[in-house]
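> got a predicted structure here, sequence first:
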There are 2 protein chains.
Amino acid sequence: MPRDGTATRSRILDAAEGLVLEQGFAGTSVDDVIASSGTTKGGFFHHFATKQELARALVERYVAADMELLDDLFARAEQLSSDPLQQLLIFVGLQEELATELASSNPGCLYASFMYEQDLVDETTRELIADAVRAWRTRTREKLAEVSERYPPRVPIDLDALADQGLAVYEGTFVLSRALSEPELLRGQLRHFRTYLELLFSPA
Amino acid sequence: MPRDGTATRSRILDAAEGLVLEQGFAGTSVDDVIASSGTTKGGFFHHFATKQELARALVERYVAADMELLDDLFARAEQLSSDPLQQLLIFVGLQEELATELASSNPGCLYASFMYEQDLVDETTRELIADAVRAWRTRTREKLAEVSERYPPRVPIDLDALADQGLAVYEGTFVLSRALSEPELLRGQLRHFRTYLELLFSPA
DNA sequence: TTCATAGCAGACCGTTTAGTCTGTTTCAAG
DNA sequence: CTTGAAACAGACTAAACGGTCTGCTATGAA
């Protein structure tokens, strides 16, 4: 086999991810990606037959990293406590730690980028994102089931909707952060989510 | 004066708003807008000198409607009760009502559309959105000040961050709704926000 | 009735876009 | 040391894009 091309491929994906988060997918031309990644037309289309395929690869990589993070956070939380409520609170708490670290750069999520250009996204890419969102929902929902069994909530609540809130906090805060140019909002929003869980399930 | 053109202008804005919410701004061509609004190149560029100006007009109209909604909701809430906590809870409750009605179509927000194409948005348009977001924050924040004075929160919280949560719930839920093709999520998320406020401020 | 002007129609133009094609370089297997 | 295929480079193209321009039409003021 000839020389290795995976490094170039990664550089293209890195550049594209950054550009898409700043300008959207339709707003990012292939030439933009080429210039930003330091490659050429030939190089780009050697790795990605079409721009749509770049989108798919971009989302695939992003989803994979996201799923790894989700697994890692839950694994660490479950290691740090055996109580389901504590596990859930630690799960959110760990995210607050991460939010503090990553508050420097412009916040955003590829899911939102592509969901606000729905019509331009092919079905398989859509489904990749949908599966990722469902994974957050399902994992959180399962933990909530354990929690609410041991600690009946103080008021009747919709556990399914509550499970969605974890991700919704991210997506919503990203939009506000961008609009206000205040990249550090995420931590405070996650903190409120944790407080809500505490109030809901802590025995009076 | 010749015949009235405001109707055509509105039709263009209506068509453009729908298209931008589905495909993003960069993903929506002027020809798309023309076709969807049933006008022509001449007609379009008579009302908007450039595509950027369309963006500005789009955001201007959207912000105006949003500010009107914000005022209306607070006014109704303050009319329905004299207690600040009840006013805040009614404020959210009214939004739940609206969410139920509007659950039919594909949910989304122009603020998010443009914030995920930041680099393509000129500064004045950016500032329009920022002002709107700040209006939600400020109005909610003022009410929260009243509330927390009369009903000290059960746990120490960041009132500024809490004020942002009202809008963040919308933006976050829209992304999830789109990803999962479940347009009815908003009501449940708003409901949780209301429950959180209740738990925080209701006297034990 | 005229006529000035806003409202609109649609052909047209230069640029940008995604994608192609031909060629050159690298490297490992034979 | 050859050779063949993968990894690029970069000129090129057809279509789509934002925007211009010329002209027609409707309407209210004089």
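Arrived safely. Note that the coordinates shown come from a computational prediction; the quantities given were computed from them, not determined experimentally.
> for DNA strand D, what are the nearby residues on chain A?
Applying Cβ under 7 Å from any atom of the strand, one finds that chain A approaches DNA strand D through A:1-5, A:7-9, A:39-43, A:45-47. All C-beta atoms are positioned from the backbone trio N, CA, C, and that covers glycine.
> 10 Å - rerun?
Remark: the part of chain A in contact with DNA strand D comprises A:1-12, A:26, A:31, A:34, A:37-47, using Cβ under 10 Å from any atom of the strand.
> what stretches of chain A score poorly on pLDDT?
Counting by pLDDT under 70, chain A has low-confidence residues at A:1-2, A:204.
> list of residues touching stretch A:12-30?
Under the contact criterion Cβ atoms under 8 Å, 6 or more residues apart in numbering or on different chains, stretch A:12-30 has outside partners A:32-33, A:36-37, A:39, A:41, A:43-44, A:47-48, A:51, A:54-55, A:57-58, A:61-62, A:106, A:108, A:110, A:113-114, A:116-117, A:120-121, B:23-27, B:116-120.
> out of those residues, which are inside strands?
In strands, judged by DSSP state E, none of the contacts of stretch A:12-30 are found.
> buried subset of those residues?
Under a neighbour-count criterion of 16 or more other Cβ atoms under 10 Å in any protein chain shown, the subset of the contacts of stretch A:12-30 counted as buried comprises A:33, A:36-37, A:39, A:43-44, A:47-48, A:51, A:54-55, A:57-58, A:62, A:108, A:110, A:113-114, A:116-117, A:120-121, B:23-27, B:116-118, B:120.
> sitting in helices, which of the contacts of stretch A:12-30 do you find?
Using DSSP state H to define helices, the subset of the contacts of stretch A:12-30 located there is A:32-33, A:36-37, A:41, A:43-44, A:47, A:51, A:54-55, A:57-58, A:61-62, A:110, A:113-114, B:23.
> got the residue ranges for the helices in chain A?
So, for chain A - with DSSP H - the helices run A:6-23, A:30-37, A:41-47, A:51-80, A:84-101, A:110-115, A:123-150, A:159-180, A:185-201.
> among those, which comes closest to B:R139?
Nearest to B:R139, of all the helices of chain A, is helix A:159-180, at 14.7 Å by Cβ to Cβ.
> tell me the angle the closest one makes with helix A:51-80.
120 degrees (axes from the mean of the first three to the mean of the last three Cα atoms, to 10 degrees).
> and helix A:159-180, anywhere near chain B?
Yes - figure legend: helix A:159-180 in contact with chain B (Cβ under 8 Å from any Cβ of the partner chain); contacting residues A:160-162, A:164-165, A:167-176, A:178-180.
> which non-adjacent residue is nearest A:L159?
Taking Cβ to Cβ, 6 or more residues apart in numbering or on different chains, and ignoring the residues beside it in sequence, A:L159 has A:L144 as its nearest neighbour in space, at 5.0 Å.
> do the same with A:R11
Closest to A:R11 by Cβ to Cβ, 6+ apart is A:S37, at 4.8 Å.
> do the same with A:A26
Spatial nearest neighbour of A:A26, excluding adjacent residues (Cβ to Cβ, 6+ apart): B:G27 at 3.4 Å.
> ramachandran angles for that neighbour?
Summarising the backbone geometry of B:G27 under the convention degrees, to the nearest 10, its torsions are phi -80, psi -10.
> how much space between it and B:S10?
When Cβ to Cβ, to the nearest Å is applied, the distance between B:G27 and B:S10 equals 22 Å.
> repeat for A:S81
Distance of A:S81 to B:S10, computed by Cβ to Cβ: 57 Å.
> please apply the same query to A:H46.
A:H46 sits at a distance of 48 Å from B:S10 (criterion: Cβ to Cβ).
> this completes my enquiry, with thanks.
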